[in-house]
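Colleague: What follows is a predicted structure for the sequence shown.
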Amino acid sequence: MKLEGKVAWITGAANGIGRATALRFAQEGAGLVLGDLEEGALDEVAGEIRQGGGRAAIVAGDVTRREDVHRMSEAALSEFGRLDILINNAGINRDGLAVKVKDGQVQQMGDDMWDPVLAVNLKGAFLCAQAAAVPMIQRGEGGRVVNTSSIGALGNIGQANYAASKAGVIGLTKTLALEWARYNITVNCVAPGATATRMTAGIPEKLMEGLLAKIPLRRLARPEEIAEAHLFLASEAAAYITGQVLFVDGGISVGV
Amino acid sequence: MSEQFRERVATAAAGLLQDKVALVTGASMGIGEAIALDLAANGAHVAFTYRRHAEEAACVAGRIEQRSRKALALQADVASFEEAQRVVAQVRDGLGQLDILVNNAGMNWDAVVWKMTEEQWDQVISVDLKGTFNYIRAAAPILKEQGSGKIVNVTSINGLRGKFGQSNYSAAKGGVIALTKTVARELGRSNVNVNAVAPGLIETPMVKQAPEQVREMALAEIVLGRLGTPEEVAWVVTFLCSAAARHITGQVIQVDGGQYM
């Protein structure tokens, strides 16, 4: 098993990609700390893992709050005595045009759309990375941080907030890779394309057809396929990779 | 879930690439050798080409067979279009199929551009860029027809950033990246994944002979503070050839310890 004896902290683990990653990591023998706002769904994921013989602790909390983040990293130490891997997966979107003028009416993306997306996707990733690095550095045995960017980082109509947050994650990833290489902590990020989760479930059929036409592999990713990329970057196989962005997008970003 | 779990465990035990047939170019030593051995360790039967080092190639074949996998060592110059056609046909005849192509064969012949000869330019482009095309060209009809396959091209971070003294090599490796992305587009709907790995400075026989100064300058750039090993590149190639990477296509994965970000 690829993660035998390792402990991984996964944020946004109650649904979608985070859930798939948690289940996959459990199969590879990792002890898990799962964070999410949705305690009920989180509990079900943990239950599924325990049923399969795995080990999982859950922490209900908000990645934008330092005290909640601290509880999550502490849980790794109190439950398992160590922390080896952070999967910074928690993310949200609130889509809308930055500015819309129609029939003399002006609509703008408000603070209520901008602030929470930046807070969860970018600041949340930063806070969790900080909290994870401390015990990794203190322990002196290295570690892995895997952040989540998106093809949205390349720009997408209606996602000024989301694109800015996900491009920010790339800058964060590269900087932390430089700062923490001396501790043998690698920092990379996965950039999923359109993935079949509830975030894409609401896309109207017409838009979806247009989207599929742009993907060379002609289909959405499944959450399990993103989980495989997380596993790869967290595993020994990626020991010499740091500061990189791994697109898992069926080729949609090629040539963009 | 538990059904799926059992299936996973069974696959893992049997090997990620159980009974797939792979062709690796330039595998008598260095990164190519590590790739051939790691693919075999994960269950694949492996054919590979070599140009001059017959003894080393026989040794690699022996190590593949020690893993109870079939091996086929074929002498070829990757710069030859006809030989690529012949090699791919021999792999299909000898091992029954072709699932994975790894274009690894490469060379460098450095000089600053104002001293570079036409021969230096032509030879590096022929091996590194045209050689990659030759094998893709020979394998593509097979992969397209069967509706599945994996192509991994070995490029270099110098194909992304350029390198003093390597106008020919950097141009060839940059060309390999554009070739990768184009073929990813062309074969995507046939369910063939086409990606590239871009190593930084790796501890290979070629690099061991390089002047100490070259190593020191590279070490100063590498954030992980050490050269990579051929195995560390091979692990990434194996990942890209596995089902785990089936939604990844058209990508360039740097395996460089952060040497170029």
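Modeller: Great, that's in hand.
Colleague: In chain A, where's the longest strand?
Modeller: Assignment by DSSP state E gives strand A:185-192 as the longest strand of chain A.
Colleague: and the very next helix or strand once past that strand, which residues are buried?
Modeller: Per DSSP states H and E, the first helix or strand lying C-terminal to strand A:185-192 is helix A:198-201. For helix A:198-201, the neighbour count (16 or more other CB atoms under 10 Å in any protein chain shown) marks A:199-200 as buried. (Each C-beta comes from the backbone N, C-alpha and C, glycine too.)
Colleague: Would you mind writing the CA trace of helix A:198-201 as PDB?
Modeller: Below are the C-alpha coordinates for helix A:198-201, written out as PDB (Å, rounded to 0.1, in the frame of the first residue of the first chain):
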ATOM      1  CA  ARG A 198     -22.400  18.900  -7.600                       C
ATOM      2  CA  MET A 199     -20.300  22.000  -8.600                       C
ATOM      3  CA  THR A 200     -20.900  21.100 -12.200                       C
ATOM      4  CA  ALA A 201     -24.300  19.400 -11.800                       C
END
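Colleague: Just checking the distance from the longest strand of chain A to the centre of its chain.
Modeller: Here strand A:185-192 is found 9 Å from its chain centre; the criterion is CA atoms, centre = their mean, to the nearest Å.
Colleague: could you say what helices and strands it packs with?
Modeller: Applying 3 or more CB pairs under 8 Å, 6 or more residues apart in numbering or on different chains; DSSP states H and E, we find strand A:185-192 packed against helix A:124-139, strand A:143-148, helix A:160-180, helix A:223-234, strand A:245-248.
Colleague: what lines up beside it in the sheet?
Modeller: Here strand A:185-192 has these sheet partners by DSSP bridges: strand A:143-148 (parallel), strand A:245-248 (parallel).
Colleague: coming back round to it: with mean neighbour count as added columns, please give the helices and strands packed on strand A:185-192 in JSON lines.
Modeller: Converted to JSON lines, the helices and strands packed on strand A:185-192 look like this (neighbours: other CB atoms under 10 Å in any protein chain shown):
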{"stretch": "helix A:124-139", "mean neighbour count": "20"}
{"stretch": "strand A:143-148", "mean neighbour count": "26"}
{"stretch": "helix A:160-180", "mean neighbour count": "20"}
{"stretch": "helix A:223-234", "mean neighbour count": "25"}
{"stretch": "strand A:245-248", "mean neighbour count": "25"}
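Colleague: so which of the ones you listed gets nearest B:A36?
Modeller: helix A:223-234 (20.5 Å; CB to CB).
Colleague: who touches the closest one?
Modeller: Under the criterion CB atoms under 8 Å, 6 or more residues apart in numbering or on different chains, residues A:2-3, A:6, A:8, A:16-17, A:19-21, A:23-25, A:28, A:85, A:87, A:89, A:144, A:146, A:186, A:188, A:190, A:192, A:195-197, A:238, A:241, A:246, A:248, B:239, B:244-248 lie in contact with helix A:223-234.
Colleague: follow-up on the earlier one: nearest to A:V117, of the helices and strands packed on strand A:185-192?
Modeller: Comparing the helices and strands packed on strand A:185-192 under CB to CB, the one sitting nearest is helix A:160-180, at 4.1 Å.
Colleague: CA atoms only: put the closest one into PDB for me.
Modeller: The C-alpha trace of helix A:160-180 is given here as PDB (Å, rounded to 0.1, in the frame of the first residue of the first chain):
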ATOM      1  CA  ALA A 160     -13.700  36.500 -11.900                       C
ATOM      2  CA  ASN A 161     -13.700  35.600  -8.200                       C
ATOM      3  CA  TYR A 162     -13.100  31.800  -8.700                       C
ATOM      4  CA  ALA A 163     -10.400  32.400 -11.400                       C
ATOM      5  CA  ALA A 164      -8.600  34.900  -9.200                       C
ATOM      6  CA  SER A 165      -8.600  32.500  -6.200                       C
ATOM      7  CA  LYS A 166      -7.400  29.500  -8.200                       C
ATOM      8  CA  ALA A 167      -4.700  31.500 -10.000                       C
ATOM      9  CA  GLY A 168      -3.700  32.700  -6.500                       C
ATOM     10  CA  VAL A 169      -3.300  29.100  -5.400                       C
ATOM     11  CA  ILE A 170      -0.700  28.600  -8.100                       C
ATOM     12  CA  GLY A 171       1.400  31.500  -6.800                       C
ATOM     13  CA  LEU A 172       0.900  30.200  -3.300                       C
ATOM     14  CA  THR A 173       2.000  26.700  -4.300                       C
ATOM     15  CA  LYS A 174       5.200  27.900  -6.000                       C
ATOM     16  CA  THR A 175       6.200  30.100  -3.100                       C
ATOM     17  CA  LEU A 176       5.600  27.500  -0.400                       C
ATOM     18  CA  ALA A 177       7.500  25.000  -2.600                       C
ATOM     19  CA  LEU A 178      10.500  27.300  -2.500                       C
ATOM     20  CA  GLU A 179      10.200  28.100   1.200                       C
ATOM     21  CA  TRP A 180       9.700  24.500   2.400                       C
END
